[in-house]
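[1] Need coordinates for the below:
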Amino acid sequence: MRRRLINSTLAVVLVVIAVFGVSLVIVETRTITNSAQESVESEALRLVGIVESQVQEHEPIDADALADRLDPGRYARIQVPGRPEVRLGTPIEGGVIRGSAPGSQGETVTVEVPRSTVTREVGRTLAVVGAVALLAVVAAVLLAVRQANRLASPLTDLAETAERLGSGDPRPRHRRYGVPELDRVADVLDASNERIGRMLTAERRLAADASHQLRTPLTALSMRLEEITVTEDLATVREEASIALTQVERLTDVVERLLTNSRDPRTGSAVVFDLDEVVKQQLEEWRPAYRSAGRAMVSSGKPGLRAVGTPGAVAQVLAALVENSLMHGGGTVALRTRVTGNQAVIEVTDEGPGVPADLGARIFERAISGRNSTGIGLAVARDLAEADGGRLELLQAHPPVFALFLSRTAPDRTEPEKTVR
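    Numbers count the residues shown, from 1 in each chain. Here you go, the predicted model:
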């Protein structure tokens, strides 16, 4: 592209120089020739005036005096009727430019100048025109190179940006080139980079969330199946199988929820549901794991609370908190329900060391973890809570108290608090 731009610019300049240069040379040649012709005619007219005055006074023609008045390098012939011809200067060989002037007494003065004088003037003019043309060509080449670089370099840069985008690097470069059309292309590429970057981030986030969120129900399902394999009591097998089927349904709900959140994290199917059912479900699913760890799970608080949200999402949030307590906490884990204002609250606490002081509120950020874990669980839990219009907060660091706040409806009945173990 650079070569084409330089060649095209240079071709245009050469055409312009050829047209105007030739025209200028022709005009200047005619002007120099006419000027030389006018000069010799003027010289002849001046000399004829002198000769005419001498003839009228019947004086002899003074050749020496007339030769002094003749410009150097010129040749003149003076013809007076009845007198011999007078010649001034050295005769000129070769081409000449001749000018004559007649007098009133019949005398004639002819002045000649070598045509080489005109040729030299034309040569000097050609040299000047050639020098100007050469300067114009050099300037045109420099300008063409500059313009070619100004246009080709941005295109090369844009091609590199597109190549980076195709190789999986969607970072926008935010470079502009001062050319509206190229800047428009850069704007479109940067916007595409940002969109693709967001899509790749969403895909990676979905993969990480799916890996983390599916691990918990699969672990719980594995525990139930182990319970079935080690028991011979038919009633126990049926009970464990029923719970396992419920966990499979939850697993399906987790997948659907993850896919929904990957498209729009604010999209939900909030309904009015019973918090006791969700809490009971979590107790049934996690108690085997806690028993294996030599720990206990309890629930307490205000029964019969109803909240607005997605039961599956709320269950995933609680599962993340319970699993977090199992991995990082200690002692008994307690799930407590209560009411504050127009919100239903589910608190999850344990007797462990709590949240490190250097984490604090950052505990909900992705990749933030107090131990060797993924740091995804609490971040996903907060996203799920906010998708239903609720919020997940750390109320206390030592001992740890996490609280899930949900909008609620008026409870169907009022009963005293009770503890379920």
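
[2] Which SSE is immediately downstream of whichever strand or helix holds Glu323?
    Using DSSP states H and E, Glu323 maps to helix 311-328. Later in the chain than helix 311-328, the nearest helix or strand by DSSP H and E is strand 333-340.

[3] now the angle between helix 311-328 and the helix or strand just after that following strand, please.
    Remark: after strand 333-340, the chain's next helix or strand is strand 343-349, criterion DSSP H and E. Following axes from the mean of the first three to the mean of the last three Cα atoms, to 10 degrees, one obtains 20 degrees for the angle between strand 343-349 and helix 311-328.

[4] Report the beta-bridge partner residues of Thr337.
    Gly301, Ile346 (DSSP bridges).

[5] residues touching it, list them.
    Thr337 makes contacts with 275-276, 279, 299-303, 305, 344-347, as judged by Cβ atoms under 8 Å, 6 or more residues apart in numbering. (Glycine included, C-beta is placed from N, CA and C.)

[6] Also Arg391?
    Arg391 sits in contact with Arg382, Ala385, Leu404, Phe405, where contact means Cβ under 8 Å, 6+ apart.

[7] And it, how far from Gln282?
    Distance, Arg391 to Gln282, by Cβ to Cβ, to the nearest Å: 19 Å.

[8] next one: Gly301
    In terms of Cβ to Cβ, Gly301 sits 13 Å off from Gln282.

[9] which residues are common contacts for those two?
    Leu335.

[10] Run a quick neighbour tally on Arg146.
    10 (other Cβ atoms under 10 Å).

[11] Look up which helix or strand it falls in, please.
    In the assignment (DSSP H and E), Arg146 maps to helix 115-166.

[12] Then Pro170 would be within a helix, right?
    No: secondary structure of Pro170 (DSSP: H, G, I helix; E, B strand; the rest coil): coil, not part of a helix.

[13] For it, give me phi and psi.
    When quoted as degrees, to the nearest 10, the phi and psi of Pro170 stand at phi -90, psi 20.

[14] care to break this protein down by domain?
    Following automatic domain parsing, one gets these domains for the chain: 2-140, 166-203, 263-420.

[15] Name the residue most distant from the centre of the protein?
    The centre of the chain is farthest from one residue, His58, which by Cα atoms, centre = their mean lies 98.6 Å away.

[16] Can you classify it as helix, strand or coil?
    Applying three-state DSSP: His58 is coil.

[17] do the same with Leu225
    Per three-state DSSP, Leu225 ends up helix.

[18] My guess is it contacts Ala244. True?
    Yes: with contacts counted by Cβ atoms under 8 Å, Leu225 reaches Ala244, the gap being 6.4 Å.

[19] ok, those two, which is more surrounded?
    Ala244 (18 against 13).

[20] now the more buried one: how far from Leu335?
    Counting by Cβ to Cβ, the gap from Ala244 to Leu335 is 22 Å.

[21] same check, this time on Leu318
    Using Cβ to Cβ, Leu318 is found at 7 Å from Leu335.

[22] anything in contact with each of those two?
    In contact with both Leu318 and Leu335: Val279, Gln282, Ile346, Val348, using Cβ under 8 Å, 6+ apart.

[23] how near is Ala101 to Pro84?
    For Ala101 relative to Pro84 (Cβ to Cβ), the value is 19 Å.

[24] Between those two, tell me which one has more neighbours.
    Applying other Cβ under 10 Å to Ala101 and Pro84 shows that Ala101 carries more neighbours, namely 21 against 9.

[25] average model confidence for the helix or strand hosting that one?
    Taking DSSP H and E as the criterion, the element that holds Ala101 is strand 96-102. Taken as a whole, strand 96-102 has a mean pLDDT of 86.

[26] do stretch 245-263 as well
    pLDDT averaged over stretch 245-263 gives 67.

[27] Go ahead and confirm Thr108 touches Pro102.
    Yes: counting by Cβ under 8 Å, Pro102 is a contact partner of Thr108 at 5.3 Å.

[28] More neighbours: which of these two?
    A count of neighbours by other Cβ under 10 Å puts Thr108 above the other of Thr108 and Pro102, at 17 against 14.

[29] Would you list the phi and psi of the more buried one?
    phi -140, psi 140.
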